[in-house]
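1. Structure, please.
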Amino acid sequence: MRGLVQRVREASVTVDGEVVGRIGPGLCVLVGVTHDDDEATARKLADRIWGLRIMADDDGAMGRAVADTTGEVLVVSQFTLYGDTRKGRRPSWMAAARPEQAAPLVEVVVDELRRLGATVATGRFGADMAVALVNDGPVTLLLEV
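-> Take a look at the predicted model:
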């Protein structure tokens, strides 16, 4: 499972002209699922996101986690995180899990973040989503569990 984590000043997801998820300062996380991921992997990713110390502290250093600050997280499913571009010019999506496996695992990430105390907004799985964000820093990391 992969999570592309971005520290943001604000972020939102729009589907068919309707904003379906929005946060203020916090983390925007694109989540990709592969074939061997399971609920334990999803819970581990959520825990890593929640405790990742990339939020600014009083000195402006990355010393706090979102758990210590706003607690806001926008989670967006993103199968393209498993795009393989090593051959040719067209990405292969073979490593991305099928929707029937991926959707419930993205929900486990969301549910676990909420259980940990996060205020979570989401996109809409499988929809054509427009993600807007104002990156803070910019700080962007790829987590793999």
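2. any idea how far whichever strand or helix holds residue 49 is from the chain center?
-> Assigned by DSSP states H and E, residue 49 belongs to helix 39-51. Per CA atoms, centre = their mean, to the nearest Å, the displacement of helix 39-51 from the mean C-alpha position of its chain is 11 Å.
3. what's the answer for stretch 92-110, then?
-> The answer for stretch 92-110 is 13 Å, by CA atoms, centre = their mean.
4. what does it contact?
-> 1, 3, 31-35, 37-39, 41-43, 45-46, 49, 75, 77, 79-85, 120, 122, 125-126 (CB atoms under 8 Å, 6 or more residues apart in numbering). C-beta: built from backbone N, CA, C; applies to glycine.
5. cool, and stretch 9-25?
-> Contacts for stretch 9-25 (CB under 8 Å, 6+ apart): 8, 26, 28, 69-70, 72-74, 76, 119, 121-124, 127-136.
6. State the pLDDT value of the residue nearest to the spatial centre of the chain.
-> In the chain, the residue lying closest to the centroid (CA atoms, centre = their mean) is residue 29, at 1.9 Å. For residue 29, the pLDDT comes out at 98.
7. Doesn't it lie inside a strand?
-> Yes: under DSSP: H, G, I helix; E, B strand; the rest coil, residue 29 falls within a strand.
8. gap between the two ends of stretch 77-90?
-> Taking CA to CA, to the nearest Å, the first and last residues of stretch 77-90 lie 21 Å apart.
9. That one - what's its average pLDDT?
-> Mean predicted confidence for stretch 77-90 is 94.
10. Need the contact partners of that stretch.
-> 2, 4, 30-34, 91-97, 102-103, 106, 123, 125-126.
11. let's see 6 Å
-> 2, 30, 31, 32, 34, 91, 92, 95, 96, 106, 125 (CB atoms under 6 Å, 6 or more residues apart in numbering).
12. So what touches the helix or strand containing residue 133?
-> Per DSSP H and E: residue 133 is located in strand 129-144. Strand 129-144 has contacts (CB under 6 Å, 6+ apart) with 2-15, 28, 48, 54, 76, 123.
13. Recalculate using a threshold of 8 Å.
-> With contact meaning CB under 8 Å, 6+ apart, strand 129-144 is reached by 1-15, 20, 25, 28, 30, 45, 48-49, 52, 54, 56, 62, 74, 76, 123.
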